[in-house]
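S.K.: Turn this into a model:
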Amino acid sequence: MACQPSCPDANIATAALDIPSALGSFGWVKSVLYPFLVLAVCGFVASVAVHMLALAGIVLPGARLVWVLHLGIFAVWLPAVLVANRLTRENGGRFSLKLVLSGCPLWMVRALYILFAYAALNFAFLLIAMNSHPDPRDRPLTSVVRGYSGHCMMFYGAAFAILYSYTHRKPSRAP
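M.R.: Numbers count the residues shown, from 1 in each chain. All right, here's what the predicted structure looks like:
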């Protein structure tokens with residue numbers, strides 16, 4: 001006997017296959033997102049620390065390990081992208097940064113815009129530093145670390161803001 005649409009087993013199977021709809025239920029999703037929020041904060045703080053040390057010209061012992069920060073970005077961006085896609089679908093398929101950040105306080109949105117601008121300027125300075133030393137062996141390690149840690153700050157900060165927004169926004173009403 002086949003399950004009818006009203007059969008509980010059919011509803012469970014449908015819900016299991018429809019992951020984007022499952023993201024809409026706030027209860028369990030929030031609890032799943034909190035570890036990623038913590039990881040984003042830790043990555044951001046570590047990126048800022050590395051960046052400040054590089055700006056001061058201090059070469060970290062084991063400076064090559066700074067690349068581990070890049071791996072953490074993938075861990076926090078997967079849930080951030082899933083959440084942003086969910087919100088975009090709710091908006092009729094149109095991406096809106098204002099909607100994605102709707103759960104953030106105004107100061108956080110402004111700080112994120114400043115972080116974007118800083119990352120763009122930092123990238124320009126990285127390009128100038130790289131072009132002034134054509135031989136990679138002559139490039140100061142602090143310049144390279146500063147350049148890439150600036151990007152890490154932006155990505156961790158943006159992931160935190162997106163996840164924070166999603167966990168603090170009011171659920172949208174169905175028509």
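
S.K.: next helix or strand past the longest helix seen in the chain?
M.R.: Ranked by residue count under DSSP state H, the longest helix found in the chain is helix 26-55. Next in sequence after helix 26-55, counting helices and strands by DSSP states H and E, comes helix 68-90.

S.K.: list the helices and strands that following helix packs on?
M.R.: Counting contacts by 3 or more Cβ pairs under 8 Å, 6 or more residues apart in numbering; DSSP states H and E, helix 68-90 packs against helix 19-22, helix 26-55, helix 97-100, helix 141-168. C-betas here are computed from N, CA, C, even on glycine.

S.K.: Next, the angle from the last one to helix 68-90.
M.R.: Note on geometry: by axes from the mean of the first three to the mean of the last three Cα atoms, to 10 degrees, helix 141-168 and helix 68-90 are set 30 degrees apart in direction.

S.K.: Would you enumerate the residues in contact with residue 70?
M.R.: 148, 152 (Cβ atoms under 8 Å, 6 or more residues apart in numbering).

S.K.: hmm, try it at 10 Å
M.R.: Residue 70 sits next to 43, 47, 148, 149, 151, 152, 155 when contact means Cβ atoms under 10 Å, 6 or more residues apart in numbering.
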